[in-house]
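Visitor: for reference, the sequence and a predicted model appear below.
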Amino acid sequence: MSVSDTDQPDFDAYIATAHALAERAGAVILPHFRAGTAVDHKGGGAFDPVTAADRDAEMAIRQLIAETYPSHGIVGEEFGNERADADYCWIIDPIDGTRPFIMGQPLWGTLIGLTAHGAPLLGMMDQPYTKERFWSGETESYFARDGKTQTIQVRPCPSMSEAMLASSTPDMFTGANERPYARLAEAVRLRRFGGDCYNYCLLAMGQIDLVVETDLKPFDILPLVPIIERAGGVVSTWEGGDPRHGGRVIAAGDPRLHAAAMEMLSG
């Protein structure tokens with residue numbers, strides 16, 4: 001049964017829908033994981049993989065959104081935009097981290113976000129294989145595993161020399177991005193590659209201090225923004241702008257660290 005906009009569902013109704021979307025996507029994705037699923041290349045110079053799990057999960061998500069909120073918009077990685085200018089718009093990436101997915105690494109997740117009049121209202125990252133889920137409430141962020149839910153918060157880290165930095169791949173940092181990133185990487189205590197959406201959630205959980213990336217699309221980052229911010233973190237572009245449109249993004253658990261890292265990346 002669909003829910004019309006005149007019913008004005010509250011935040012709890014929207015987050016319940018996000019949980020339902022995650023459950024449906026996970027049921028579609030899991031049979032493909034570590035199962036020798038065929039991998040296609042979307043095209044272009046760099047390898048850009050996609051699988052039936054990506055496509056089928058996004059279709060399942062889109063179907064449930066259409067059934068529940070037919071007037072809402074959808075922005076998705078695999079099948080483009082529908083009514084992207086709607087008052088409420090779902091931002092979805094069925095498998096953020098297709099590369100680790102096809103390699104059998106559980107460092108991927110389903111991203112589900114909802115904007116209200118263009119502003120991020122809620123976000124969720126679901127990892128069905130490890131049975132972990134991160135999401136934003138109205139004022140806090142949460143983590144659940146094995147039926148147990150806890151509030152999560154970023155950790156303080158004012159010093160760059162104590163910071164743990166994560167990025168998905170060194171391939172992001174070429175050309176004009178290479179020297180600023182190298183300068184930052186030399187200043188931190190530890191740098192690790194790999195992780196995709198997982199890194200941002202671990203930052204919100206207080207396990208990582210900095211996540212720095214480039215070339216992100218809206219569906220790569222927008223669902224993660226409310227999770228980070230409501231856990232006490234900061235996320236912006238390298239220049240300090242709005243991260244919801246993607247591009248070069250920096251997230252930090254400590255505002256002081258965010259400011260210092262942003263200065264290093266722009267200097």
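Guide: Looks like it came in fine.
Visitor: can you give me the helices for the protein?
Guide: Assigned helices in the chain, in chain order: 11-29, 52-68, 98-102, 178-187, 197-204, 218-221, 225-230, 255-266 (criterion: DSSP state H).
Visitor: distance to residue 74 for these - can I get that in TSV?
Guide: From N, CA and C alone the C-beta is placed, and that goes for glycine too. Shown next, in TSV, are those (distance: least, Cβ to Cβ, whole Å):
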stretch	distance to residue 74
helix 11-29	11
helix 52-68	6
helix 98-102	19
helix 178-187	33
helix 197-204	19
helix 218-221	10
helix 225-230	18
helix 255-266	31
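Visitor: which one of these has the most crowded surroundings?
Guide: Each of these was scored by mean neighbour count; the highest is helix 197-204, a mean of 27, by mean count of other Cβ atoms under 10 Å.
Visitor: dump the residue contacts of the nearest residue to residue 30 once chain neighbours are set aside.
Guide: Spatial nearest neighbour of residue 30, excluding adjacent residues (Cβ to Cβ, 6 or more residues apart in numbering): residue 128 at 5.4 Å. Residues in contact with residue 128, defined by Cβ atoms under 8 Å, 6 or more residues apart in numbering, are 22, 25, 26, 27, 29, 30, 110.
Visitor: before we move on, what's the pLDDT of residue 128?
Guide: The predicted structure scores residue 128 at 97 on the pLDDT scale.
Visitor: now it: how far from residue 135?
Guide: Here the distance between residue 128 and residue 135 works out to 14 Å (Cβ to Cβ, to the nearest Å).
Visitor: go on, residue 162?
Guide: 29 Å.
Visitor: out of these two, which sits in the busier spot?
Guide: Applying other Cβ atoms under 10 Å to residue 162 and residue 135 shows that residue 135 carries more neighbours, namely 25 against 14.
Visitor: do a quick rundown of the strands in the stretch 1-150 of the chain.
Guide: Taking DSSP state E, counting those that start in this stretch as the test, the strands found in the stretch 1-150 of the chain are 39-41, 49-51, 73-76, 80-82, 88-96, 109-116, 119-127, 132-136, 141-145, 148-152.
Visitor: got TSV for the ones you listed, with distance to residue 251 too?
Guide: Formatted as TSV, those follow (distance: least, Cβ to Cβ, whole Å):
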stretch	distance to residue 251
strand 39-41	29
strand 49-51	25
strand 73-76	20
strand 80-82	25
strand 88-96	14
strand 109-116	14
strand 119-127	13
strand 132-136	13
strand 141-145	13
strand 148-152	14
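Visitor: many thanks, I have nothing further to ask.
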